[in-house]
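S.K.: from the sequence below, what's the structure:
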Amino acid sequence: MLLATVFVGAAGMKLAASEFETMNFARFGYAPWFMYLAGLAEMLGAVLLWVWGYVAYGALLLAVLMAGVRSATCASATQRC
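M.R.: Prediction:
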């Protein structure tokens, strides 16, 4: 449940277009609509972690999202892998 709460918070920051999230998405060259899409996907994954019978789907969705974040970070010239 703690993990789901963390993802709800992260998704909320994206959906609220916090300055931190907006600057990070711009730094990586992503369009603003992609931030909202990522926030919705994170929220869906977090909600699925709470629904009995769909926990594995939520975990898979969040794992795919985190793999994408890692690859975007590695592709950036400002970060080391």
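S.K.: buried residues in the one helix or strand residue 60 maps to?
M.R.: Element membership for residue 60, per DSSP states H and E: helix 55-75. Residues of helix 55-75 classed as buried: 58, 61, 62, 65 (neighbour count, 16 or more other CB atoms under 10 Å). Using the backbone N, CA and C atoms, a C-beta is placed for each residue, glycine as well.
S.K.: what ranges do the helices span in the protein?
M.R.: In the chain, the segments counted as helices under DSSP state H are 2-15, 19-27, 32-50, 55-75.
S.K.: got the angle for the longest one vs helix 19-27?
M.R.: This points to helix 55-75. Interaxial angle of helix 55-75 relative to helix 19-27 (axes from the mean of the first three to the mean of the last three CA atoms, to 10 degrees): 60 degrees.
S.K.: counting by contacts, list what helix 55-75 packs against.
M.R.: For helix 55-75, the packing partners by 3 or more CB pairs under 8 Å, 6 or more residues apart in numbering; DSSP states H and E come out as helix 32-50.
S.K.: and with 10 Å instead?
M.R.: helix 2-15, helix 32-50 (3 or more CB pairs under 10 Å, 6 or more residues apart in numbering; DSSP states H and E).
S.K.: so what touches it?
M.R.: Surrounding helix 55-75, the residues in contact under the criterion CB atoms under 10 Å, 6 or more residues apart in numbering are 3-4, 7, 10-11, 24-25, 28-30, 38, 41-42, 44-51, 54, 79-81.
S.K.: CSV for the buried residues of helix 55-75, including pLDDT?
M.R.: Formatted as CSV, the buried residues of helix 55-75 follow (pLDDT from 0 to 100):
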residue, pLDDT
58, 96
61, 97
62, 96
65, 95
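S.K.: so which pair among those is furthest apart in space?
M.R.: 58 and 65 (10.7 Å; CB to CB).
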